[in-house]
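*Asks:* Here is my input; please provide its structure:
(one chain, ligands or ions: 2)
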Amino acid sequence: MRSDQPLLSVVVPMYDEEEVLPMFFARMRPVLDDLGISYEVLVVDDGSRDNTATLSLEAAEDWAQLRVVRLLRNSGHQAAQSAGFRRARGEYLVTIDADLQDPPEAIAEFLDAVREQDVDVVYGVRSDRSSDSRFKRHSADLFYRVARRLTSTRGPDHAGDFRLMSRATVDAVNTLPEHNRVLRLAVPALGFRSAQVPYVREHRAAGRTKYSLGRMLTLSIDSFTGFSTAPLRLATALGVGGAVVAALFALYVVVNRLVGQPVAGWASTVVIVVTMGAVQLLCLGLLGEYVARMYLQMQGRPAYFVAYDSREASEEVSEEAAVERSVEGERAGATRGGGPVREYRERRLR
Ligand code: UDP
Ligand code: MG
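*Replies:* Ligands and ions are numbered 1, 2, ... in the order given. Prediction:
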């Protein structure tokens, strides 16, 4: 372990979280200070339009362990976490939401679980979701149920993105080639030994949810298409089923004709045509999802670009590291000197 490498990195993706930010820092800091280990808090500002970055950098002026990485534009919760995974230096890494729905105090329990059970991953499992809306609870239930059926990954249900991972796990995730990786499925899929810590999901402390219905749907589609090819087989299954029904129907028509009672009415015909049309479009759409994934993968565009990293701004960053990063597809914002806030503002003005 290098001497400047902290034991723990806490990665916090933030998108327009200026309202909750002061509360989050105020609650997080004593928890981490009391752990008695070296740590860094890595705020990944996911292209916020509000003052999240500036407020974080101001807080970093008297909290040396706070580091701010800003993405060029809003790239989504999963991409922001991936950026944190790449940049974090800790031997252990915890990802946590900024809105205090995940209690920072549980991090101590995560670390206890690592010490006592010799595991690489500790999942925070939501034991009580009564603070979530009824819709969120039902949709989450459905998500985990479908995920369990469709994908072969065996992570605990209702484990979101509040978890602790060892360096080995983080390095493994960093080698994954896919762009739209859904970490809550990708991490269990790796198969590291794991433990679970139950926690009560609290209400969002301030601000509004950044997960719209559209984003939840995208996350679900990415999850299922990323970890299962079963939906592709749906077309085959429906095709086989349809062929059997069509054969029976043909038989019925022929027999009727022989008996001398031709089938009357067009309603049945219309129903069949419409049904077949819908089934075909559905299957085509499913195929499209996979083709789109392959297309995005082939384009090879990074899921995010880093615009600024307060650590690189305040310290000298070796040319090697910068080159390595640009190979990864990140743009290393290697700038030097000056306080981080000023540095950041100057960069913004340019
Ligand atoms: N988030 C992000 N980028 C986005 C959307 C969300 O970094 O595009 C962050 C957000 O700031 C928060 C976390 O992801 O820290 C979880 O989002 P949120 O609490 O809004 O989701 P919910 O708990 O309602 O599912
Ligand atoms: Mg939340």
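
*Asks:* elements contacting the helix or strand harbouring Ala147?
*Replies:* Ala147 belongs to helix 134-150 when assigned by DSSP states H and E. Contacts defined by 3 or more C-beta pairs under 8 Å, 6 or more residues apart in numbering; DSSP states H and E place helix 134-150 against helix 213-227. To be clear about C-beta, it is placed using only N, CA and C from the backbone, and glycine gets the same treatment.

*Asks:* Repeat the analysis, applying 10 Å as the threshold.
*Replies:* helix 183-190, helix 213-227, helix 230-259 (3 or more C-beta pairs under 10 Å, 6 or more residues apart in numbering; DSSP states H and E).

*Asks:* Looking at those, which is nearest to Leu8?
*Replies:* Nearest of these to Leu8, taken as C-beta to C-beta: helix 183-190 at 17.3 Å.

*Asks:* picking up where we left off before, so which of the helices and strands packed on helix 134-150 is nearest Phe85?
*Replies:* Per C-beta to C-beta, nearest to Phe85 of the helices and strands packed on helix 134-150: helix 183-190, 8.2 Å.

*Asks:* and Gly124, helix, strand or coil?
*Replies:* Secondary structure state of Gly124, per DSSP: H, G, I helix; E, B strand; the rest coil, is strand.

*Asks:* Excluding chain neighbours, what is closest to it?
*Replies:* The shortest distance from Gly124 to any non-neighbouring residue, by C-beta to C-beta, 6 or more residues apart in numbering, is to Phe162 (3.7 Å).

*Asks:* Can you name the next helix or strand after the host helix or strand of that neighbour?
*Replies:* Using DSSP H and E, Phe162 sits within strand 159-166. Next in sequence after strand 159-166, counting helices and strands by DSSP H and E, comes helix 167-175.

*Asks:* okay, and for this protein, where does confidence drop off?
*Replies:* 1-3, 262-263, 265-267, 315-350 (pLDDT under 70).

*Asks:* mind listing what's buried in the lengthiest helix in it?
*Replies:* For the chain, the longest helix by residue count, based on DSSP state H, is helix 267-299. Neighbour counts over helix 267-299 (16 or more other C-beta atoms under 10 Å) mark 279, 283, 286, 293 as buried.

*Asks:* Turn those into TSV, including distance to ligand 2.
*Replies:* Below are the buried residues of helix 267-299 laid out as TSV (distance: C-beta to the ion, whole Å):
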residue	distance to ligand 2
Val279	37
Cys283	35
Leu286	30
Arg293	27
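
*Asks:* would Val197 count as being in a strand?
*Replies:* Yes: residue state for Val197 (three-state DSSP) corresponds to a strand.

*Asks:* Grab the nearest non-local neighbour of Pro13.
*Replies:* Distances taken as C-beta to C-beta, 6+ apart place Ala80 nearest to Pro13, at 3.6 Å, with adjacent residues excluded.

*Asks:* Please verify my assumption that the one you found contacts Glu17.
*Replies:* No: Ala80 is beyond contact range of Glu17, at 11.4 Å (criterion: C-beta atoms under 10 Å).

*Asks:* returning to what we had before: determine the angle, from 0 to 180 degrees, between the strand holding Phe162 and helix 183-190.
*Replies:* Relative orientation of strand 159-166 versus helix 183-190 (axes from the mean of the first three to the mean of the last three C-alpha atoms, to 10 degrees): 50 degrees.
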